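1. Quick one: sequence plus predicted model below, questions after.
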Amino acid sequence: MNVNKYKNGTELKVEVEGRLDTVTAPELESTVKSDISDISKLTFDFSKLEYISSAGLRVLLSFQKIMTKKGEMTLTGCSENIMEIFDVTGFTDILTIV
Amino acid sequence: MKKITVTADVALLGEVNAAIDSELEAVGCPMKTQMQIDIAVEEIFVNIAHYAYTPENGEVSVSFELTEDRLARITFEDSGIPFDPMAQPDPDVSSSLSERQIGGLGIFMVKNSMDNMHYEYRDGKNILTIEKKL
C-alpha cells in the first residue's frame, strides 16, 4: 500500500494505492491521525485502491466518526468492486462517496 | 488439493493470501471473484489468528481445491478453542454512524460473498469451509 498526503490549510487529501487490509490498515490509521487534529475536511482518493477488507472499513469508520464532529469526509474514485463492498456492508449510507 | 500450514499469526496473512491467489490465477479466476475470495480468506484467517489460541500460538492449515464444476473450496482447520463463526449475529448494517458497532463485520462480509459456508467441530478441530463458483 502507498499513501500520498496533500495538506492545504485545513484540508487534507489522501491518495491510497494498493490494498487496505489487516496488515496495511494500521499504517493508514497512524498516517492520517498525525494530521487529523487540525483539519476540517478530509478527502480520500481511492482511484488506485484495489482491495479493502473489514480492517480497512474499521479504520474508515473511525475517521468518519471523528470528522462528523468537526467537518466533513469524502471518498472519491471508488471502483465498482470497492463500491460493492461498501453497499453490502451498509457503508454507502455511512460514508459520503462521490 | 493443495494445503499450507502456518502459525496462526496475522503477520502471515500475506503468505496465505499469496498461496490462495496463485491457485486462483492458475485456474483463471475472474478478478472480482478473486477479490471476494481474498477478503473471505483474510477475514477468516485473521479471526483464527486473533481468537483461536489466545494467548498462546497454534497452527492453522488452509487447503484449496477446485471441483469439476468449477467450485473453489477453501478449508481452514485449527485446533484452537471451539468457535462457530456462523453462530455469530450479523451486525446491523442499517444502523447509523453513532450506533455502528465494529464487531461481526468480517464474517458478515464472508457470508455475503461466498456461495456456501460450512462449519463443524470434529476430532478437536474447528473446520470451516467456504465455497465460491468461479
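-> Nice, I can see it.

2. any idea how far the residue in chain B that chain A sits nearest to is from A:Asn4?
-> Using Cβ to the nearest Cβ, B:Val93 is the residue of chain B that sits closest to chain A, at 3.1 Å. In short, each C-beta sits where N, CA and C put it, glycine included. Here B:Val93 is placed at a distance of 31 Å from A:Asn4 (Cβ to Cβ, to the nearest Å).

3. of those two, who's got more company?
-> B:Val93 (18 against 11; other Cβ atoms under 10 Å in any protein chain shown).

4. hang on, the more buried one packs against B:Asn112?
-> No. Taking contacts as Cβ atoms under 8 Å, B:Val93 lies outside contact range of B:Asn112: 9.6 Å.

5. what does chain A have sitting close to chain B?
-> A:21-23, A:50-51, A:53-55, A:57-58, A:61, A:64-65, A:68, A:81, A:85, A:88-90, A:93-94 (Cβ under 8 Å from any Cβ of the partner chain).

6. helix/strand/coil for B:Ile44?
-> helix (DSSP: H, G, I helix; E, B strand; the rest coil).

7. doesn't B:Lys32 make contact with A:Asn81?
-> Yes. Using Cβ under 8 Å, A:Asn81 is in contact with B:Lys32, at 5.6 Å.

8. Pull up the overlap in contacts between the two.
-> Here A:Asn81 and B:Lys32 share no contacting residue, scored by Cβ atoms under 8 Å, 6 or more residues apart in numbering or on different chains.

9. Which pLDDT value does the model give B:Asp92?
-> With respect to pLDDT, B:Asp92 scores 81.

10. Reduced to three states, what does it come out as?
-> Going by three-state DSSP: B:Asp92 is coil.

11. Provide the backbone phi and psi angles at it.
-> Backbone torsions for B:Asp92, taken as degrees, to the nearest 10, come to phi -80, psi 100.

12. Convert stretch B:109-129 to PDB, retaining C-alpha atoms only.
-> Backbone C-alpha positions of stretch B:109-129 (Å, rounded to 0.1, in the frame of the first residue of the first chain) are rendered in PDB as follows:
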ATOM      1  CA  MET B 109     -18.700 -10.000   4.600                       C
ATOM      2  CA  VAL B 110     -17.700 -13.700   4.100                       C
ATOM      3  CA  LYS B 111     -21.400 -14.800   4.400                       C
ATOM      4  CA  ASN B 112     -22.400 -12.200   1.800                       C
ATOM      5  CA  SER B 113     -19.800 -13.000  -0.800                       C
ATOM      6  CA  MET B 114     -19.400 -16.800  -0.600                       C
ATOM      7  CA  ASP B 115     -21.800 -19.200  -2.100                       C
ATOM      8  CA  ASN B 116     -21.500 -21.700   0.700                       C
ATOM      9  CA  MET B 117     -20.100 -21.800   4.200                       C
ATOM     10  CA  HIS B 118     -19.900 -24.800   6.500                       C
ATOM     11  CA  TYR B 119     -18.600 -25.300   9.900                       C
ATOM     12  CA  GLU B 120     -18.000 -28.300  12.100                       C
ATOM     13  CA  TYR B 121     -16.000 -29.200  15.200                       C
ATOM     14  CA  ARG B 122     -14.500 -32.700  14.800                       C
ATOM     15  CA  ASP B 123     -11.700 -34.500  16.500                       C
ATOM     16  CA  GLY B 124     -10.700 -31.500  18.400                       C
ATOM     17  CA  LYS B 125     -10.600 -29.200  15.400                       C
ATOM     18  CA  ASN B 126     -12.500 -26.300  14.000                       C
ATOM     19  CA  ILE B 127     -13.200 -27.000  10.400                       C
ATOM     20  CA  LEU B 128     -14.500 -24.100   8.300                       C
ATOM     21  CA  THR B 129     -15.200 -24.500   4.600                       C
END
